[in-house]
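Structure here, sequence nowhere to be found:
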């Protein structure tokens, strides 16, 4: 990030985006690996490439485009990140969480974050969708470290309800209406890019984690600091190391995301109008 203050970087990015879009969005979406299919559900879409937006990073990972889309889904004015950023790409937590700050300044009040994750429970299967009830930050990095800019949020934000109980109930109702089974559990965030070892997975299970991935938590912390209500959904794309007698690969992640994209799309389309 540049030497400019966070507030100035946000103003620069927002000023550019507002020149390109016809209205202010109220719902934000951040899509995980292989889950960009949701972009196809948007209407009246304006596409902005990340590299055009001042101070925006660019995604470098397969399955993550580098586009910001503004349009409507189910009548809701929505801004959608088709591709996110990760610490393992070399970005710091300020850069990873910067788009959330921009969303807040654009008018976003609710944020839906999705990710591809490894399952830690024997009852889970690849292709399951898991509602995130809480998280464990094993990245050991926090986007709020450093001087606090009071205009962006309080110095010590409460994280006792990082994932909105009200929005989780809306998601359960939407899943029930579609006849979808929706798992629920705790998401553990690791830095990656290597997958976890079987010993690390045993540790995470002992600590109460139900799924593990390499994203989401910095964005959620920034969102809660900004007063944005958060709903999180993990797509269980594989079983974590040691859960099954097989190796892990990103190809499997992408294949599973492709297989479940229909049910994922229907669920999110049912949720967004309620946000």
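Everything's here; your move. A quick note: this is a predicted structure, and the numbers were derived from the prediction, not measured.

List the residues that contact the closest residue to residue 23 other than its chain neighbours.
Nearest residue to residue 23, sequence neighbours excluded (CB to CB, 6 or more residues apart in numbering): residue 77, at 5.5 Å. Just so you know, the C-beta spots here come from the backbone N, C-alpha and C atoms, and that holds for glycine as well. For residue 77, the contact set (CB atoms under 8 Å, 6 or more residues apart in numbering) comprises 23-27, 70.

Can you say which of those are buried?
Using 16 or more other CB atoms under 10 Å as the burial test, those include 25, 27, 70 as buried.

Can I take it that the residue nearest to residue 23 is in a helix?
No: if the criterion is DSSP: H, G, I helix; E, B strand; the rest coil, then residue 77 is strand and not within a helix.

so what's it scoring on pLDDT?
Residue 77 carries a pLDDT value of 96.

With residue 173 instead?
pLDDT at residue 173 comes out at 96.

Going along the chain, name the strands of the chain.
With DSSP state E as the definition, the chain shows strands at residue ranges 27-30, 43-49, 67-73, 76-82, 110-119, 129-137, 182-189, 211-213, 229-239.

got the angle between the longest one and strand 129-137?
Taking axes from the mean of the first three to the mean of the last three CA atoms, to 10 degrees, strand 229-239 and strand 129-137 form an angle of 100 degrees between their directions.

of all the buried ones among the contacts of residue 77, which comes closest to residue 50?
Lowest distance from residue 50 to those (CB to CB) belongs to residue 70, with 13.3 Å.

Residue 45 is in contact with the closest one, correct?
Yes: contact criterion CB atoms under 8 Å: residue 70 and residue 45 qualify, at 7.1 Å.

Can you add distance to residue 13 and pLDDT and give the buried ones among the contacts of residue 77 back as JSON lines?
What follows is these, written out as JSON lines (distance: CB to CB, whole Å; pLDDT from 0 to 100):
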{"residue": "25", "distance to residue 13": "14", "pLDDT": "97"}
{"residue": "27", "distance to residue 13": "18", "pLDDT": "97"}
{"residue": "70", "distance to residue 13": "13", "pLDDT": "96"}
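
what packs against the longest helix along the chain?
If each helix of the chain is counted by residues according to DSSP state H, the longest one is helix 250-271. The contact analysis (3 or more CB pairs under 8 Å, 6 or more residues apart in numbering; DSSP states H and E) places helix 250-271 against strand 110-119, strand 129-137, helix 165-178, strand 229-239.
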